[in-house]
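**Student:** Need coordinates for the below:
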Amino acid sequence: MATSGLACIYPALVLHDDEVMITEDKINAFIKAVGVNVELFWPGLFAKALNNVNIASLICNVGIGGPAPAAGGAAPAGGAGPTSPAAPAEEKKKEEAKKEESKKSDDDMGFGLCN
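**Tutor:** Numbers count the residues shown, from 1 in each chain. Alright, predicted model coming up:
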């Protein structure tokens, strides 16, 4: 899929940049010019999928939208998950230890803010 998909995405982006309508024939022309072999259904699939899409908006909003990930993220393998009562306490202890270690390191080099 990676090569076939990219072989259709790049021509679609070039056509969009040149403000030319994205069609199956135009995508096929690019693919033929480059000499990449793709399954016959890919160019038509991309042309139909991009037919009524605002590509400029799609490009500018990549990664935006959809639900936000959960605050705790995935539970670590074999460890306490975010729903475990011990997880927040353990995280807090780790953060405090890192801060304390950082402070000691800064103090040792003369960069400590608190003298």
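**Student:** which residues sit in contact with V62?
**Tutor:** Applying CB atoms under 8 Å, 6 or more residues apart in numbering to V62 gives no contacts. C-beta here means a position set from N, CA and C on the backbone, and glycine is covered the same way.
**Student:** Just say helix, strand or coil for it.
**Tutor:** When classified by DSSP: H, G, I helix; E, B strand; the rest coil, V62 comes out as coil.
**Student:** Secondary structure element holding A33?
**Tutor:** Assigned by DSSP states H and E, A33 belongs to helix 24-34.
**Student:** pLDDT on that helix, on average?
**Tutor:** Per-region confidence: helix 24-34 scores 92 on mean pLDDT.
**Student:** What of stretch 60-80?
**Tutor:** Across stretch 60-80, pLDDT averages out at 62.
**Student:** same deal with stretch 38-52?
**Tutor:** When pLDDT is averaged over stretch 38-52, the result is 90.
**Student:** and that stretch, which residues are buried?
**Tutor:** 38, 42-43, 45-47, 50 (16 or more other CB atoms under 10 Å).
**Student:** Helices of this structure, residue ranges please.
**Tutor:** Per DSSP state H, the chain carries helices over the ranges 2-17, 24-34, 41-49, 55-60, 86-108.
**Student:** Go ahead and name everything in contact with the third one.
**Tutor:** So the one you mean is helix 41-49. For helix 41-49, contacts defined as CB under 8 Å, 6+ apart pick out 4-5, 7-9, 12, 22-24, 26-28, 31.
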